[in-house]
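**Q** next one to model:
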Amino acid sequence: MRREELGSLAMFMAVADEGSFTKAAGKLGISQSALSHSLRRLEARLGLRLLTRTTRSVAPTLAGERLIETLRPALEEIDQKLAALAELRDRPAGTVRITTSSHAARAVLWPAIDRLTAENPDINVEVNIEGGLVDIVAERYDAGIRLGERLEQDMIAVPISPRLRMAAVASPLYLNGKTIPETPYDLAHHNCINLRLPTSGGLYSWEFERDGKEIRVKTQGQLVFNDINLIVEAALTGHGIAFMLEDHVKDHLSSGALVQILEEWCEPFDGYYLYYPSRRQPSPAFNLVLDALRYKV
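**A** As a prediction, this is how the structure comes out:
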């Protein structure tokens, strides 16, 4: 196989993964026309249509899907071998791609990579913020960061934060003249600010626990957001009761702008974990990121 054909195969995988010529071209750093021309030559050489193109999407044909099944493990092995070559360098080098939530990125990931990249100029870190769950193998991430209860199977998981708590909060303005909820069931009599989940599209059920008893409550209210920051703003301005990680509102609780309710129903739970495929050989750069993030009691 000629060298340019190897490049065309990598381009084909990029288009298949992104589902778009525009996104794939941007990821590869080439023009869309050059990408399209390369894939047309690959299809001509194979005598097969690999991609079905419409004005809105790109999807692999049956032949394309079979080629993907062959290429993906081979390209992953090449990536691992190239990463292993970094061990021969005097200084660790390479790129580490991580998918995480917005809160975990700010609270846990950024402080670690801020120090790490300053001390290791040859290490690059790409952070992608995702509200929903991501298949890190299919999307070719080196690792993901999620709460312990949401970890994927067949993954190595390393704790990177202390235990966390949820908090039900409201402003003094909202609570003035109202009966304070004593149990999660009392929330049915209150205006609650809800969160729309990015993965399922449904509303988040508020989860409480006390003395080993777990309760899930579906709340009602005027406002629904898919952004925690807006939920906090709505709570601050008196629109109802909100429910989120305590860390999101700790400053507002300290200042008295928000009041915590049902505190005895919000027990600590496992915090954030960095997880990665058990069959993948970590690179020296990845090991440095892992060591920087590892939670030390």
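**Q** tell me where the stretch 1-150 of the chain has helices.
**A** Taking DSSP state H, counting those that start in this stretch as the criterion, the stretch 1-150 of the chain carries its helices at 3-18, 21-28, 32-46, 62-85, 102-104, 110-119.
**Q** go through those and name the closest to I129.
**A** Closest approach to I129 among these (CB to CB): helix 102-104, 5.1 Å. Where you see a C-beta, it was placed from the backbone N, CA and C, and this is true even at glycine.
**Q** what average pLDDT does the closest one get?
**A** For helix 102-104, mean pLDDT is 92.
**Q** name the residues that touch that helix?
**A** Applying CB atoms under 8 Å, 6 or more residues apart in numbering, the contact partners of helix 102-104 are I129, G131, I145, R146, S161, I228, L245, D247, H248, Y272.
**Q** what's the ChimeraX line that selects buried ones from these?
**A** A single ChimeraX command selects the buried members of these (16 or more other CB atoms under 10 Å):
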select :145,146,161,228,245,247,248,272
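**Q** out of the contacts of helix 102-104, who's nearest C192?
**A** After measuring those against C192 - CB to CB - the closest member comes out as I228, at 14.6 Å.
**Q** isn't that closest one right up against H248?
**A** Yes - between I228 and H248 there is a contact at 5.9 Å, judged by CB atoms under 8 Å.
**Q** so A107 versus E207, what's the distance?
**A** 20 Å (CB to CB, to the nearest Å).
**Q** cool, and M166?
**A** 7 Å.
**Q** which one's more surrounded, these two?
**A** M166 (21 against 16; other CB atoms under 10 Å).
**Q** and the more buried one, what are its bridge partners?
**A** Counting by DSSP bridges, M166 is bridged to L245.
**Q** so it makes contact with M244?
**A** Yes - contact criterion CB under 8 Å: M166 and M244 qualify, at 6.9 Å.
**Q** which residue, neighbours along the chain excluded, lies closest to L262?
**A** Excluding the flanking residues, the one nearest L262 by CB to CB, 6 or more residues apart in numbering is A168, at 4.6 Å.
**Q** do the same with S20
**A** Closest to S20 by CB to CB, 6+ apart is V58, at 6.0 Å.
**Q** in contact with that neighbour, which residues?
**A** Under the criterion of CB under 8 Å, 6+ apart, the neighbours of V58 are V15, A16, G19, S20, F21, L51, T52.
**Q** buried ones from these, can you make that a PyMOL selection?
**A** The following PyMOL line selects those of these that are buried, judged by 16+ other CB under 10 Å:
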select buried, resi 15+16+20+21+51
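**Q** quick one: the strands in this protein?
**A** 51-53, 58-60, 94-100, 123-129, 143-147, 155-159, 166-170, 194-195, 206-210, 213-217, 224-225, 242-245, 259-261, 272-277 (DSSP state E).
**Q** got CSV for the ones you listed, with distance to I30 too?
**A** Converted to CSV, those look like this (distance: least, CB to CB, whole Å):
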stretch, distance to I30
strand 51-53, 17
strand 58-60, 16
strand 94-100, 18
strand 123-129, 19
strand 143-147, 27
strand 155-159, 33
strand 166-170, 46
strand 194-195, 39
strand 206-210, 46
strand 213-217, 49
strand 224-225, 38
strand 242-245, 41
strand 259-261, 53
strand 272-277, 29
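**Q** among those strands, which is nearest A285?
**A** Proximity to A285, assessed across these by CB to CB, is greatest for strand 94-100 (3.9 Å).
**Q** may I have that closest one as CSV, with CA atoms only?
**A** Extracted in CSV, the C-alpha atoms of strand 94-100 (Å, rounded to 0.1, in the frame of the first residue of the first chain):
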residue,chain,number,x,y,z
GLY,A,94,2.3,13.8,23.5
THR,A,95,-1.4,14.8,23.6
VAL,A,96,-3.9,13.6,26.1
ARG,A,97,-7.6,13.9,25.2
ILE,A,98,-10.1,14.0,28.1
THR,A,99,-13.9,14.3,28.1
THR,A,100,-15.6,15.6,31.2
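**Q** what lines up beside that strand in the sheet?
**A** strand 123-129 (parallel), strand 143-147 (parallel).
**Q** want to try a markdown table for those, with distance to P92 as columns?
**A** Output for these, formatted as a markdown table (distance: least, CB to CB, whole Å):
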| stretch | distance to P92 |
| --- | --- |
| strand 123-129 | 6 |
| strand 143-147 | 16 |
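**Q** which of those strands sits most buried?
**A** strand 143-147 (a mean of 23; mean count of other CB atoms under 10 Å).
**Q** where's S57 relative to S205, distance?
**A** To S205, S57 is 33 Å away according to CB to CB.
**Q** scratch that, V169
**A** 17 Å.
**Q** more crowded one of those two?
**A** Between V169 and S205, counted using other CB under 10 Å, V169 has the larger neighbour count: 27 against 14.
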